[in-house]
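> Okay, structure incoming, though there's no sequence with it:
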Ligand code: NAI
């Protein structure tokens, strides 16, 4: 039996993500939580004839506790999204506190659940979640994931313009690092099957993956950021994790993890100089079972991208940790 929970379920991401989770045969129970509108979203989704039994809660009457009790997987898309001209880091002020408080709830009511953080800035909100879990003595690094799947989905999609491959999801492209601008490092040299990208098209393609979110923010013109593609990406990661925990073998996905706590991660942390980093991770019954070190295989151009990534990430990670220990 799998119980999935969405925290921030009434939002732009939360609603389509909850729809996909409700429709998935891998989930037996789905619980929704938000500070607004959860009764409406829950009533609507409850009419869908799929397996998952659905419940929804607002903060009143111990709603968070009721939503989280018995949870196996908790996905967090709660928080404010970007408007044109904003970076993901601009969201820190509001979202840091939201994520901290929700993760406090997880530490108390479902400490063994897998936690999937979508709320931005992911580079900082994942360290925040880890520090909160550490303070409560329930941190298991194998169970905490920053969802960077949208960057992978974008890389698969955008490279199709060049390869002409009919089904974009058939090309596997590792995307490593973090989840904002230059900290996103797509590794087209390691695409499987390999792709031939003309030199003059490579730099614009990399930039498009790094700043693809800006295209959506601009097109939505002040009404938000990526929601539907993010719901797809968040669901794709959640479903793969659930399948892996149920025993399916060979599932490897890039995700932003606390490297020293994952097998194989120590060497990557030493090489990059950062403890939180997205790499392809083998998923299994205990969560993040093995981090794959592909740094030795990347091209010299990609090594340069990695330098910019490391510098950006360090500050983002420190900011998250500092927020928990010295709240403003
Ligand atoms: P939204 O504003 O449409 O929805 C956010 C929801 O969170 C709202 O329903 C709001 O009521 C709820 N919320 C606020 N405070 C809460 C609390 N304390 N407890 C529970 N729920 C709470 O925003 P949207 O577009 O759904 O984005 C959500 C987050 O996801 C943003 O931080 C955004 O930057 C991030 N995001 C992450 C991506 C990624 O690749 N990881 C991609 C796109 C967005």
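All right, it came through fine. Computed from a predicted structure; not experimentally measured.
> And the helices in the stretch 1-150 of the chain, which stretches?
14-23, 38-45, 63-68, 92-109, 122-135, 149-163 (DSSP state H, counting those that start in this stretch).
> Using a markdown table, please lay out those helices together with mean pLDDT.
Converted to a markdown table, the helices of the stretch 1-150 of the chain look like this (pLDDT from 0 to 100):
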| stretch | mean pLDDT |
| --- | --- |
| helix 14-23 | 98 |
| helix 38-45 | 98 |
| helix 63-68 | 98 |
| helix 92-109 | 97 |
| helix 122-135 | 98 |
| helix 149-163 | 95 |
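> right, so those: which one is the most enclosed?
Mean neighbour count (mean count of other CB atoms under 10 Å) peaks for helix 122-135 among those, with a mean of 25. Using the backbone N, CA and C atoms, a C-beta is placed for each residue, glycine as well.
> Output the contacting helices and strands for that helix.
helix 92-109, strand 114-117, strand 144-146, strand 252-258, strand 276-284, helix 300-325 (3 or more CB pairs under 8 Å, 6 or more residues apart in numbering; DSSP states H and E).
> Any chance of CSV for the ones you listed, columns distance to the ligand?
Below are these laid out as CSV (distance: least, CB to the nearest ligand atom, whole Å):
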stretch, distance to the ligand
helix 92-109, 4
strand 114-117, 8
strand 144-146, 7
strand 252-258, 9
strand 276-284, 11
helix 300-325, 13
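> returning to that earlier point: right, so of the helices of the stretch 1-150 of the chain, which gets closest to residue 179?
Closest of these to residue 179 is helix 122-135, at 4.1 Å (criterion: CB to CB).
> and the closest one with the ligand, contact?
Yes. Using CB under 6 Å from any ligand atom, we find that helix 122-135 touches the ligand at residue 122.
> What parts of the stretch 101-250 of the chain come near the ligand?
102, 118-120, 122, 147, 150, 179, 224-227, 230.
> ok, back up a step: comparing the helices and strands packed on helix 122-135, which stretch has the densest surroundings?
Of the helices and strands packed on helix 122-135, strand 144-146 is the most buried (mean count of other CB under 10 Å), at a mean of 29.
> Specify the local secondary structure of residue 270.
Secondary structure assignment for residue 270 (DSSP: H, G, I helix; E, B strand; the rest coil): helix.
> can you count the residues close to it?
10 (other CB atoms under 10 Å).
> and the gap between residue 18 and residue 251?
Counting by CB to CB, to the nearest Å, the gap from residue 18 to residue 251 is 23 Å.
> Nearest to the ligand: which residue in the protein?
Minimum separation of the chain from the ligand (CB to the nearest ligand atom) falls at residue 11, amounting to 2.0 Å.
> I figured that residue was touching residue 34, is that so?
Yes. At 7.0 Å, residue 11 counts as touching residue 34 under the criterion of CB atoms under 8 Å.
> what do those two both touch?
Residues touching both residue 11 and residue 34 by CB atoms under 8 Å, 6 or more residues apart in numbering: residue 78.
> and residue 41, which of the helices and strands packed on helix 122-135 is closest to it?
Of all the helices and strands packed on helix 122-135, helix 92-109 sits nearest to residue 41, with 17.3 Å by CB to CB.
> quick one: the closest one to chain centroid distance?
15 Å (CA atoms, centre = their mean, to the nearest Å).
> now stretch 49-61
22 Å.
> ok, now which ones touch residue 79?
8, 91, 94, 95, 98, 99, 119, 120.
> returning to that earlier point: where does the residue of the chain closest to the ligand fall, phi/psi-wise?
Phi and psi for residue 11, reported as degrees, to the nearest 10, are phi -80, psi -180.
> what's the burial count for it?
Count around residue 11 with other CB under 10 Å applied: 26.
> contacting residues for it?
34, 77, 78, 227.
> contacting residues around the one residue sitting closest to the centre of the chain?
The centroid of the chain falls nearest to residue 147 when counting by CA atoms, centre = their mean (1.0 Å). Neighbour list for residue 147: 75, 116, 117, 118, 122, 233, 234, 237, 255, 256 [criterion: CB under 8 Å, 6+ apart].
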